[in-house]
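**Q** A structural model of the following input is requested.
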Amino acid sequence: VMSCYLDYLVFRTTDHKKLDLAYKYFKKPIINALSDLSHPCQAISDMYTLKENFGTIEGLNIVWMGDINNVLYSLSEVINFANNTKIDVFTNEKIYLKNKDNFNKNKKINFHFEIDENIISNANCIMTDVFTSMNDKVDKEKLLRKFQVNNHIMSLTDKKSIFMHCLPAKIGSEVTEDVIKGQKSIVLSQAKNRLVAQKGILKWLKI
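**A** Below you'll find the model as predicted:
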């Protein structure tokens, strides 16, 4: 019935298996608006935001601080379309070991379990997201506390570097207030670009 009514389906779910099932039976395009495994719409929007700021998505050094979640997974996929762009992830080793198989040995993403100021100083962009993500049954605050994006972390970066967060943020947890409201923060432009990117996806599908 839905195939009769619809040309496309936008699907947002807490269980990626439901997306797979929908793809099996709904014989028209499905836009993955979010699942517990991936968030491609956010990743596309973030890459658009990076291009808006730097004029290109190629040759960028991105630093991700904190949890390994759906946004990071999709970013690790989309950077494969950008030459010489890489992601350095600073996270807890236990969290990495639980999630490492999702990344299929992608050579453009590197994981670190201790803060490396040299890597951070070369970052064009510092990204983070909430420490406790969708479907998490355990609060990861203690595990990830040392990977908070604060004024010290941002002070290590170049004056042209930026801070991004897909929002909503838990201020005082993964990011401090002075950073998210600071001069390097572009979170409001990033949020606005979700609309721009989603319109682009619909245009690409020729709706």
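
**Q** list phi and psi for residue 9.
**A** phi -130, psi 130 (degrees, to the nearest 10).

**Q** residue contacts, the nearest residue to it once chain neighbours are set aside?
**A** Residue nearest to residue 9 in three dimensions, not counting chain neighbours: residue 30, with 4.8 Å by C-beta to C-beta, 6 or more residues apart in numbering. For the C-beta atoms, the positions are set from N, CA and C on the backbone; glycine is no exception. Neighbour list for residue 30: 8, 9, 10, 11, 19, 22, 23 [criterion: C-beta atoms under 8 Å, 6 or more residues apart in numbering].

**Q** for those residues, pick the one with the most neighbours.
**A** Using other C-beta atoms under 10 Å as the neighbour criterion, residue 19 leads those with 21 neighbours.

**Q** rewinding a little: and of the contacts of residue 30, the nearest to residue 191?
**A** Comparing those against residue 191 with C-beta to C-beta places residue 10 closest, at 18.3 Å.

**Q** which residue would you name as the spatial centre of the chain?
**A** residue 71 (3.4 Å; C-alpha atoms, centre = their mean).

**Q** what's near enough to touch it?
**A** 39, 42, 43, 46, 129, 166.

**Q** the longest helix belonging to the chain: how far from the chain's middle?
**A** Longest helix in the chain by number of residues (criterion: DSSP state H): helix 187-204. Centroid separation between helix 187-204 and its chain, computed with C-alpha atoms, centre = their mean, to the nearest Å, is 14 Å.

**Q** and it, what does it pack against?
**A** helix 40-54, strand 162-165 (3 or more C-beta pairs under 8 Å, 6 or more residues apart in numbering; DSSP states H and E).

**Q** again, 10 Å this time
**A** strand 9-12, strand 30-34, helix 40-54, strand 162-165, helix 177-180 (3 or more C-beta pairs under 10 Å, 6 or more residues apart in numbering; DSSP states H and E).

**Q** export the ones you listed as JSON lines, with columns for distance to residue 119 and mean pLDDT.
**A** Listed next are the helices and strands packed on helix 187-204 as JSON lines, based on distance: least, C-beta to C-beta, whole Å; pLDDT from 0 to 100:
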{"stretch": "strand 9-12", "distance to residue 119": "34", "mean pLDDT": "95"}
{"stretch": "strand 30-34", "distance to residue 119": "29", "mean pLDDT": "96"}
{"stretch": "helix 40-54", "distance to residue 119": "18", "mean pLDDT": "98"}
{"stretch": "strand 162-165", "distance to residue 119": "16", "mean pLDDT": "98"}
{"stretch": "helix 177-180", "distance to residue 119": "18", "mean pLDDT": "98"}
